[in-house]
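Asks: From the sequence below, what's the structure:
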Amino acid sequence: MSIIYFLIGCSILLALVFLGAFFWAQRNGQHDDLYTPSVRILLDEDQTDQTKK
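Replies: Numbering: from 1, shown residues only. I've put the predicted structure just below:
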């Protein structure tokens with residue numbers, strides 16, 4: 001029964017570490033713009049195709 005208490009404590013500690021890492025990433029601006037990098041290559045291709053025509 002004591003191993004369950006140990007595992008619960010470890011899981012809570014691990015969850016707090018991940019929560020701290022998430023807030024650290026938010027504070028440093030890691031998630032500011034999620035849309036632009038995914039479509040930047042598409043926009044660049046469209047602009048070069050229009051200049052070739």
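Asks: which regions of the protein sit below the pLDDT cut-off?
Replies: 34, 44-53 (pLDDT under 70).
Asks: ok, now which ones touch the spatially most central residue of the chain?
Replies: Centroid check for the chain by CA atoms, centre = their mean gives H31 as the closest residue, at 6.3 Å. H31 is in contact with A25, counting by CB atoms under 8 Å, 6 or more residues apart in numbering. The way it works is simple: take the backbone N, C-alpha and C, and place the C-beta from them, glycine included.
Asks: which SS state does it fall under?
Replies: At H31 the chain is in coil, as set by DSSP: H, G, I helix; E, B strand; the rest coil.
Asks: what's the spacing between it and V17?
Replies: Distance from H31 to V17, counting by CB to CB, to the nearest Å: 18 Å.
Asks: cool, G29 as well?
Replies: Taking CB to CB as the measure, G29 falls 21 Å from V17.
Asks: just L43 next, same as before
Replies: Counting by CB to CB, the gap from L43 to V17 is 38 Å.
Asks: Could you do Y35 as well?
Replies: 29 Å.
Asks: For these two, indicate the residue with more neighbours.
Replies: V17 (10 against 7; other CB atoms under 10 Å).
Asks: and that one, helix, strand or coil?
Replies: helix.
Asks: count of residues packed around I41?
Replies: I41, neighbours per other CB under 10 Å, totals 9.
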